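Asks: Sequence first, predicted model second:
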Amino acid sequence: AATSRRAGIALLSEVLEQAPSSVFAAGCVTWLGLLSRIIARADDDLVAQSLLSLQHILHLSHKHAELKRDVGTNHAPPLMKQVASLLTDSHSVLVHSAVLRLIACC
C-alpha cells in the first residue's frame, strides 16, 4: 500500500507540473483530501513527500480566484491544523522540516 501511495504522489507531482488549469481546478480539492488522509496515516518519508505536494497545490491554487477563496476558507485551515500537529508528534527531522517549509510558504 505504501508503494502505491508513493507512486500516486509521484504521479500527482507530474500532473501538477503538466496539467492545464482546468484539470488542476477540477482535481484540487480531491487531491487535498487524499493528501490529508496520507499525512494522517503514513510513514515519515511518505508524509514528507505528501507535504511537498500539498505545498505545491496550495501555491498553485492561489493562481485561480475561485479556488483560492474555496481552499483558503474551507480546506486550508483544517489542513494547516493537521500539519502543525505533526510538529508535536514524534516524527523525523525530515517531516518537521517539511512542515516548517509548508507553514512558512502559506
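Replies: Ah, there it is.
Asks: Which residue lies closest in space to K68, excluding its sequence neighbours?
Replies: H62 (5.0 Å; C-beta to C-beta, 6 or more residues apart in numbering). The C-beta positions use only the backbone N, C-alpha and C, and glycine is treated the same way.
Asks: where's the residue of the chain most remote from its centre, which helix or strand?
Replies: Here the chain has its C-alpha centre computed as a mean, and the residue farthest from that point, by C-alpha atoms, centre = their mean, is S90 with 19.8 Å. Assigned by DSSP states H and E, S90 belongs to no helix or strand.
Asks: Then L54?
Replies: Residue-wise, L54 maps onto helix 44-61 under DSSP H and E.
Asks: elements contacting that helix?
Replies: Using 3 or more C-beta pairs under 8 Å, 6 or more residues apart in numbering; DSSP states H and E as the contact test, the elements touching helix 44-61 are helix 2-18, helix 21-41, helix 76-85, helix 93-105.
Asks: Could you dump those into a markdown table with distance to Q49 added?
Replies: Formatted as a markdown table, those follow (distance: least, C-beta to C-beta, whole Å):
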| stretch | distance to Q49 |
| --- | --- |
| helix 2-18 | 5 |
| helix 21-41 | 9 |
| helix 76-85 | 14 |
| helix 93-105 | 8 |
